[in-house]
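*Asks:* predicted model and sequence follow; I will ask about them next.
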Amino acid sequence: MKQDLALGHPGIRDRASKPVIRRAIMIAAGLILIVGLPFVAKSFLTFQITMAVIYAIAILGLNLLTGFNGQFSLGHSAFFALGGYTAAILMENVGVAYYWTIPAAGLICLVSGFLFGLPALRLEGVYLALATFALAVAIPQLLKWTPLEPLTGGVQGVVIIKPDAPFGLPINADQWLYFFTVGVAVVMYACAISLVKSRTGRAIIAIRENSVAASAMGINVPLYKSLTFGVSALYTGVAGALGAIAVQFVAPDSFTFALSIILFVGLVVGGVGSIAGTLVGGLFVLFVPNIAEQVSKGLAGAVYGVILILVIYLMPTGAAGLVRLIAGRLGRVGR
């Protein structure tokens, strides 16, 4: 009774409603920023933001595997390439509409990731990392293989046409692709959040914490590990397809092992095990190398390394960890 009276007190209600109001204001501001950005920014900046979102989707896929399931991968550039080439081949050789290539790339990468995850079940830690590293190294060479040149274009790759806005919308191709990519990202992030919060997500996290205990609780560890690998590959493949459409070109040298390192850097900077942090990771891996090159073209790699070291030193748990730390301190100050 006393608790009900306390909750009904005007002061209590006001304090309880403040977080809801702040959240609503932040969501509204975010929507205004997302919708208005391509209309005030130049086309190249709009293209860069689109690529940052694409990288964020790929990093999210890696995060589901590494951050939530505990499987370490250095081979996600292979799935990015598979998704990109799926979109390019379907659009250029088969004439499939660009929007149908997205689920097609995701499905192919889902099956490929699941099949790769099956033999990888015997591997853990550095041995799994080595196996995925081999995958990342092999795929670019396989794409150059002479018997596959009619499909992959060999060393020269495949050129595709960037789609125009549908229904006669008064926006250019870059603006439309930005909205299309953001729409796909919203769906992918919503699915990831639902997955992590579901019973399946709890099983995936339990395997990360202790696979032996998870197995003792009745969780089918091999199945969940393989499925997580497949879902992770699906996300990366969708990102690869979007990247191919945005860049209008795919070639084997665009999907080297360096791309896997880029995705891993984005994962660490954004925060391992953080879904929202992958957006920060996507922005970091796209814009920071450009900033380093503007500082010094001859020493761009060194500048980027220094920036990365400083970021890791200042945010050892990533951007998500820094936000949690600041929020916790502000909460204590507010009390």
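*Replies:* Nice, thanks for sending it over. These figures come from a predicted structure and were not determined experimentally.

*Asks:* for L259, which non-adjacent residue is closest in space?
*Replies:* Leaving aside its chain neighbours, L259 sits nearest to S77 (3.7 Å; criterion: C-beta to C-beta, 6 or more residues apart in numbering). Where C-beta positions appear, they are placed from N, C-alpha and C, glycine not excepted.

*Asks:* could you list every residue that touches that neighbour?
*Replies:* A136, I139, F255, T256, F257, A258, L259, S260, L263 (C-beta atoms under 8 Å, 6 or more residues apart in numbering).

*Asks:* again, 10 Å this time
*Replies:* 58, 132, 135-137, 139-140, 236, 240, 254-264 (C-beta atoms under 10 Å, 6 or more residues apart in numbering).

*Asks:* name only those of those residues that count as buried.
*Replies:* Neighbour-count burial (16 or more other C-beta atoms under 10 Å) applied to these gives 58, 132, 135-137, 139-140, 236, 240, 254-255, 257, 259-260, 262-264.

*Asks:* next one: stretch 183-192 to chain centre, how far?
*Replies:* How far stretch 183-192 lies from its chain's middle: 10 Å, per C-alpha atoms, centre = their mean, to the nearest Å.

*Asks:* same check, this time on stretch 38-53
*Replies:* With C-alpha atoms, centre = their mean, you get 18 Å for stretch 38-53.

*Asks:* so Y224 touches A206, yeah?
*Replies:* Yes: at 8.9 Å, Y224 and A206 qualify as touching, with contact defined as C-beta atoms under 10 Å.

*Asks:* intersection of neighbour lists for the two?
*Replies:* N69, A214.

*Asks:* how far away is V158 from L82?
*Replies:* According to C-beta to C-beta, to the nearest Å, V158 stands 13 Å off from L82.

*Asks:* got it, and I27?
*Replies:* From I27 to L82 the distance is 35 Å (C-beta to C-beta).

*Asks:* go on, F47?
*Replies:* F47 is 23 Å from L82, by C-beta to C-beta.

*Asks:* and the helices in the stretch 1-150 of the chain?
*Replies:* 2-8, 10-40, 43-66, 76-89, 98-117, 126-143, 149-152 (DSSP state H, counting those that start in this stretch).

*Asks:* now mean pLDDT and distance to G305 too, for those helices, in a markdown table please.
*Replies:* Below are the helices of the stretch 1-150 of the chain laid out as a markdown table (pLDDT from 0 to 100; distance: least, C-beta to C-beta, whole Å):
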| stretch | mean pLDDT | distance to G305 |
| --- | --- | --- |
| helix 2-8 | 48 | 54 |
| helix 10-40 | 71 | 30 |
| helix 43-66 | 94 | 19 |
| helix 76-89 | 95 | 20 |
| helix 98-117 | 94 | 31 |
| helix 126-143 | 90 | 21 |
| helix 149-152 | 89 | 33 |
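
*Asks:* between these, which gets nearest to T278?
*Replies:* Nearest to T278 among these is helix 43-66; the distance by C-beta to C-beta comes to 4.4 Å.

*Asks:* could you find the closest non-adjacent residue to F284?
*Replies:* Closest to F284 by C-beta to C-beta, 6+ apart is V269, at 4.7 Å.

*Asks:* just the CA trace of the strand or helix carrying that neighbour, in CSV.
*Replies:* For V269, the host element (DSSP states H and E) is helix 257-270. Extracted as CSV, the C-alpha positions of helix 257-270 are listed here (Å, rounded to 0.1, in the frame of the first residue of the first chain):
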residue,chain,number,x,y,z
PHE,A,257,43.0,-10.3,-45.4
ALA,A,258,43.4,-6.6,-44.6
LEU,A,259,39.6,-6.3,-44.7
SER,A,260,39.3,-8.9,-42.0
ILE,A,261,41.7,-6.8,-39.9
ILE,A,262,39.6,-3.7,-40.6
LEU,A,263,36.4,-5.5,-39.3
PHE,A,264,38.3,-6.7,-36.3
VAL,A,265,39.5,-3.2,-35.5
GLY,A,266,35.9,-1.9,-35.7
LEU,A,267,34.8,-4.7,-33.4
VAL,A,268,37.3,-3.8,-30.7
VAL,A,269,36.9,0.0,-31.0
GLY,A,270,33.1,-0.2,-30.9
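
*Asks:* elements contacting the helix or strand following it?
*Replies:* Moving toward the C-terminus from helix 257-270, the next helix or strand (DSSP H and E) is helix 277-295. Applying 3 or more C-beta pairs under 10 Å, 6 or more residues apart in numbering; DSSP states H and E, one finds that helix 277-295 contacts helix 43-66, helix 173-197, helix 257-270, helix 300-314, helix 318-334.

*Asks:* re the thing from before, okay, I27 and L82: which has more neighbours?
*Replies:* The residue with more neighbours, out of I27 and L82, is L82; 23 against 10, by other C-beta atoms under 10 Å.

*Asks:* so what's that one up against?
*Replies:* 105, 108-109, 112-113, 139, 143, 233, 236-237, 240-241, 255.

*Asks:* would you check which pair of these lies furthest apart?
*Replies:* In the contacts of L82, two members sit farther apart than any others by C-beta to C-beta. They are G113 and L143, at 17.7 Å.

*Asks:* so between these two, which is more surrounded?
*Replies:* G113 (30 against 25).

*Asks:* how about the secondary structure of the nearest residue in space to that one that is not next to it in sequence?
*Replies:* Spatial nearest neighbour of G113, excluding adjacent residues (C-beta to C-beta, 6+ apart): A233 at 2.6 Å. Following DSSP: H, G, I helix; E, B strand; the rest coil, we place A233 in the helix state.
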